[in-house]
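Colleague: next comes the sequence, and after it the predicted model I'd like to discuss.
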Amino acid sequence: MKYFECQYCLKKYVREPAFKKHECEEMRRNKIAHTPHGITAYEDYIIWLQFKHYRNYGKEHFLESKYFSSFVKFAAFAAKFALPSKKKYIEYMVDLDLSPRDWSNPLVYEEYIKNYEKLLTPEEQAAVSVDTIFELARIFECETNEVFIYLEPGSLIQIIQAKKLSPWLFLFSNKFLWFVKNELTREQRIIIGKFIDYNKWGVIFDREPDSVVKMKAYVKLLGI
């Protein structure tokens, strides 16, 4: 007798219409694994294994993991919130001994953002900012030194709030300072001021002159 068999769970069907309606958990996970979020989830899973000092048994093991759905959810969460330095976030989660099930909790994300400047070195924060500038240049199809020509004030506020642009970089940028002065409304400048304590950053810069020299070099290279 001819029958139809699921390649994942090996369940057999006599009728093709019933077989086509079949979707077991194994099939569902395999479909998800080939989506952008599924691919990213596996990459994050590997990073997590490295920080936990666990052996990587391959993608099949990931598909069977009890944390599969948690990593897929986290991939979507990280994309939605434009999570800065995802690798550092995962490391922070491991340090806090938090299960992947908790990584997409908004309260956990808020705690990470609150401690962001303490968790990342100035160079690491600058690296995130440089990546952001290049990504914006790609989106706007322009050079890095033209980014602030195309950037909308509301978008700039969101990027700063999400820590995708660090004061380590943009406070040395003449084009950023011009943008704030000439393109933002008074209300928008007040909003940005809530995310940037200028006095605090002045003290930090005075304390780390070597890092300041590096940041100014980055700004010059980017032409901002």
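Modeller: Received it, and whenever you're ready, just let me know what you need.
Colleague: ok, which stretches of the protein are strands?
Modeller: Listed in chain order, the strands found in the chain under DSSP state E are 4-5, 12-13.
Colleague: so which of these gets nearest Met27?
Modeller: Among the strands of the chain, strand 4-5 comes nearest to Met27, with 12.1 Å by Cβ to Cβ. For glycine as for every other residue, the C-beta is placed from the backbone atoms N, C-alpha and C.
Colleague: indicate which one of the strands of the chain is closest to Ser211.
Modeller: Proximity to Ser211 (Cβ to Cβ) singles out strand 4-5 among the strands of the chain, at 61.5 Å.
Colleague: who does that closest one pair up with?
Modeller: strand 12-13 (antiparallel) (DSSP bridges).
Colleague: give me the contacts around the strand it pairs with.
Modeller: For strand 12-13, the external contacting residues (Cβ atoms under 8 Å, 6 or more residues apart in numbering) are Tyr3, Phe4, Glu5, Cys6, Phe19, His22.
Colleague: from the residues you listed, which is closest to Phe179?
Modeller: Nearest to Phe179 among the contacts of strand 12-13: His22, at 55.7 Å, using Cβ to Cβ.
Colleague: re the thing from before, would TSV of the strands of the chain with mean pLDDT and distance to Asp210 be doable?
Modeller: TSV is the format used below for the strands of the chain (pLDDT from 0 to 100; distance: least, Cβ to Cβ, whole Å):
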stretch	mean pLDDT	distance to Asp210
strand 4-5	81	65
strand 12-13	80	68
